[in-house]
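Enquirer: pasted the sequence and its predicted model underneath.
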Amino acid sequence: MHEKADLELCQAAQSALTALATAPATTAELALSRLAPAALALVRLSQRLRYLSLAELAARRVERDAGAASAAAASAGRASDPPRLPGEGKAKPSAHGEQRAFALGDGPVSQLMEVSIRSERDVLRNIATYLEYGALPDRRAAFDAIKGLRAEHPGWPSLEHLLQEAAVLEMDAALKGELRRLSKAGSPQLARPDQSAGTK
């Protein structure tokens, strides 16, 4: 990741995670004030890394296919090769081929993406704890934090799942209604998630 915008996404996520690792929060409001920015920074980074990982994978496949084409052309030029019997044309999978296929999904971008997605889920689980199991004032504070996240980053599947789950568990009728309305308002946008670092 060499683009300035990509480096800024990494730095924002690192700063947010560092804030979480400082002195423990003594109140739900303080904890949520740290968790919400961390979740937002991580989802933006994860989304960008998904795009870069796919681009990296596509580039490596093009290189691999070009190598396979060259090898096929070279073997076609061997007029002295004896004809093969039926059943001999099937190539056996080699350890080299398996290692190469593994390497396609094991680049540095893919590894960073896995860490980023895992961290994003962990942060959302912490927010969900306040939203689903806290006292009513804490659940209200968590709802306000999630409402802010929805406004900052529409079309967030994990956040949508969290809202739906919380709406099922919520016992307060007023808050349950607000959770359902917020979830319903964001559902149509889930079909077109953003991929660029410059977008939400």
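Expert: Happy to help now that I have it.
Enquirer: next SSE downstream of the lowest-mean-pLDDT helix or strand in the chain?
Expert: One helix or strand of the chain scores below all others by mean pLDDT, DSSP states H and E: helix 95-104, with a mean of 48. As assigned by DSSP states H and E, the chain's next helix or strand after helix 95-104 is helix 108-133.
Enquirer: summarise which helices and strands that following helix is packed against.
Expert: helix 4-20, helix 28-76, helix 136-152, helix 157-169 (3 or more C-beta pairs under 8 Å, 6 or more residues apart in numbering; DSSP states H and E). For the C-beta atoms, the positions are set from N, CA and C on the backbone; glycine is no exception.
Enquirer: pLDDT on the shortest one, on average?
Expert: Just to be clear, that refers to helix 157-169. Helix 157-169 carries an average pLDDT of 95.
Enquirer: where does the protein dip in pLDDT?
Expert: Scanning the chain with the threshold set as pLDDT under 70 gives 1-2, 57-106, 186-200.
Enquirer: what's the neighbour count on residue 185?
Expert: 13 (other C-beta atoms under 10 Å).
Enquirer: contacting residues for it?
Expert: Neighbouring residues of residue 185 by C-beta atoms under 8 Å, 6 or more residues apart in numbering: residue 150.
Enquirer: that one and residue 144, how far apart?
Expert: Going from residue 185 to residue 144 by C-beta to C-beta, to the nearest Å gives 15 Å.
Enquirer: for residue 175, same thing?
Expert: Distance of residue 175 to residue 144, given as C-beta to C-beta: 11 Å.
Enquirer: list phi and psi for residue 25.
Expert: Dihedral pair for residue 25: phi -70, psi 140, per degrees, to the nearest 10.
Enquirer: ok, now which ones touch it?
Expert: Applying C-beta under 8 Å, 6+ apart to residue 25 gives the contacts 31, 34.
Enquirer: next one: residue 29
Expert: Residue 29 neighbours (C-beta under 8 Å, 6+ apart): residue 141.
Enquirer: quick revisit: which of residue 175 and residue 144 has more residues huddled nearby?
Expert: residue 175 (17 against 14).
Enquirer: separation between the more buried one and residue 46?
Expert: If you go by C-beta to C-beta, the gap between residue 175 and residue 46 works out to 28 Å.
Enquirer: same check, this time on residue 142
Expert: Counting by C-beta to C-beta, the gap from residue 142 to residue 46 is 21 Å.
Enquirer: quick one, which of the two is more surrounded?
Expert: A direct count of neighbours by other C-beta under 10 Å for residue 142 and residue 46 places residue 142 higher, at 27 against 22.
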